[in-house]
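> just need the structure, nothing else, for what follows:
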Amino acid sequence: MNVYDFDKTVFYPDSSVTFFRYCLKKHPGAVLRVSPGILSAALLYAFGAIPTKALKERLFAFLPFLPDGEKTVVSFWDEHLSGVGDWYLERKRPDDLIITASPEFLVGEAGRRLGVEVIGTRMDIRSGRIEGENCHDTEKLRRFRAVFPESKIEEFYSDSLSDAPLAELADRAFLVKKGKLSAWRTKR
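A predicted model of the protein is given here:
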């Protein structure tokens, strides 16, 4: 099994930010309705006053105001699946796993189109609330082990050193920067 981070790894640039911008363009009333809360959360986050989970919930607080969240996700990927890197498409396998901090409701649709499984942050598309923890850092490792307790990672790909817990599990790991791969030097 090969395991991939999604944002800035398989998909460039970042699916959550790109989806937010897409919704601002397609459904400005929904996004602008919650923009004061987003701005205040961004400031609080910048000063370390709130965790990433709280920031992400504020960023996605517009979801309840979309006319149809699921349909919006489908139309988003109709326009943006081209952001998936050719380097990934050339080596994609049916047993690949994408594990991401982005919401499962968002990246899950891309995974279905690519024919691969996705583990991401569990966020309710109707409320914008995160169920459990943000799927980042050691939470990615915990979630991987919960679903695949005995599985071995052959190759792991990510743009972020915060994914070191998964890189340490892999036989081989690679850092990805704009589609360019370099060997990840793990502690093993």
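
> any idea which element the most centrally placed residue in the chain lies in?
Among the residues of the chain, the one closest to the centroid is residue 102, at 2.7 Å (Cα atoms, centre = their mean). Secondary-structure assignment from DSSP states H and E places residue 102 in strand 97-103.

> tell me what that strand is packed against?
Packed against strand 97-103 by the contact rule (3 or more Cβ pairs under 8 Å, 6 or more residues apart in numbering; DSSP states H and E) you find strand 2-4, helix 15-26, helix 104-114, strand 117-121, helix 138-147. From N, CA and C alone the C-beta is placed, and that goes for glycine too.

> repeat that for 7 Å
Packing contacts for strand 97-103, counted by 3 or more Cβ pairs under 7 Å, 6 or more residues apart in numbering; DSSP states H and E, involve strand 2-4, helix 104-114, strand 117-121, helix 138-147.

> of the ones you listed, flag the one that's most buried.
With neighbours defined as mean count of other Cβ atoms under 10 Å, the helices and strands packed on strand 97-103 peak in mean count at strand 2-4, which reaches a mean of 24.

> flag the shaky bits of this protein, pLDDT-wise.
Counting by pLDDT under 70, the chain shows low-confidence ranges at 186-188.

> contacting residues around residue 12?
When contacts are counted by Cβ atoms under 7 Å, 6 or more residues apart in numbering, residue 12 touches 83, 85, 178.

> what's the PyMOL syntax to select whichever of those residues are buried?
In PyMOL, this line selects whichever of the contacts of residue 12 come out buried by 16 or more other Cβ atoms under 10 Å:
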select buried, resi 83+85
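
> give me the neighbour count for the residue lying closest to residue 158 once chain neighbours are set aside.
Of all residues beyond its chain neighbours, the one nearest residue 158 is residue 5 (3.8 Å), with distances taken as Cβ to Cβ, 6 or more residues apart in numbering. Neighbourhood size, residue 5 [other Cβ atoms under 10 Å]: 24.

> ok, residue 5 to residue 119 distance?
According to Cβ to Cβ, to the nearest Å, residue 5 and residue 119 sit 11 Å apart.

> same question for the longest helix along the chain: list its buried residues.
When every helix of the chain is counted residue by residue (DSSP state H), the longest turns out to be helix 28-46. Taking 16+ other Cβ under 10 Å as the neighbour-count basis, helix 28-46 is seen to contain the buried residues 30, 31, 34, 38, 41, 45.

> correct me, but the third one touches residue 63?
Which is residue 34. No: at 9.2 Å, residue 34 does not count as touching residue 63 under the criterion of Cβ atoms under 7 Å.
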